[in-house]
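Student: I'd like to go over a predicted model; first the sequence, then the structure.
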Amino acid sequence: MTPVSAEEFLGPADLERVRAAIRAAEARTSGEIRVHLDDTIVDDVMDHAAFVFEELGMHRTKDRNGAMIYVSVSERRAAVIGDAGIHAKLPNGFWNDTLNVILEEFKAGRYCDGLCKGVEQLGGQLREHFPYERGDLNELSDDISFGR
């Protein structure tokens, strides 16, 4: 298989589907969701996801309720990571459950579907614990971010 860069991983229509999934999920929660795609990593996937989480300022939300789906495109490795406010409320194993939903689709080559389902699952849990409040601000970009 020819290596694909993070920016080539999803086509324009798929990128828009993921952005739409993020917007739909965030419309029902005060939580913030990001998707980050990296070309490749040499670190442990969770360690690098935590680094990117910090670099993107995901920890700067008012309620510390940011969550990120991280994908290393070359290795097809992924992680789901969230801030302290989410960890305090979500059940143990939630992150792995969401990751498994994503990876199941990835195994079948349905990368966009995996990301959209992961975002939807994150949004459902965030809605339960961090419901949308009138006047809630979108604290973080809904765009997919890319690394190298």
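Tutor: Perfect, thanks for sending it.
Student: which of the residues in the helix or strand of the chain with the lowest mean pLDDT are buried?
Tutor: Taking mean pLDDT, DSSP states H and E as the measure, the helices and strands of the chain show their lowest mean at helix 84-87, namely a mean of 89. Buried residues in helix 84-87, counted by 16 or more other Cβ atoms under 10 Å: 85, 86. (Glycine included, C-beta is placed from N, CA and C.)
Student: tell me how far that helix is from the chain's mean position?
Tutor: 15 Å (Cα atoms, centre = their mean, to the nearest Å).
Student: next secondary structure after it?
Tutor: The helix or strand immediately downstream of helix 84-87 is helix 94-107, counting by DSSP states H and E.
Student: what does that next one contact?
Tutor: Here helix 94-107 makes contact (Cβ atoms under 8 Å, 6 or more residues apart in numbering) with 69, 76, 78-82, 111, 113-115, 117-118, 121-122, 125.
Student: which of those has the largest number of neighbours?
Tutor: Within the contacts of helix 94-107, most neighbours by other Cβ atoms under 10 Å means residue 122, with 30 neighbours.
Student: only alpha carbons, please: show the least confident helix or strand of the chain as PDB.
Tutor: Output in PDB follows, covering the C-alpha atoms of helix 84-87 (Å, rounded to 0.1, in the frame of the first residue of the first chain):
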ATOM      1  CA  ALA A  84     -10.100  16.300  33.200                       C
ATOM      2  CA  GLY A  85     -13.700  17.400  33.300                       C
ATOM      3  CA  ILE A  86     -14.700  14.500  31.100                       C
ATOM      4  CA  HIS A  87     -12.600  11.900  33.000                       C
END
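Student: rewinding a little: so for the contacts of helix 94-107, which is the shakiest by pLDDT?
Tutor: By predicted confidence, these are weakest at residue 76, whose pLDDT stands at 84.
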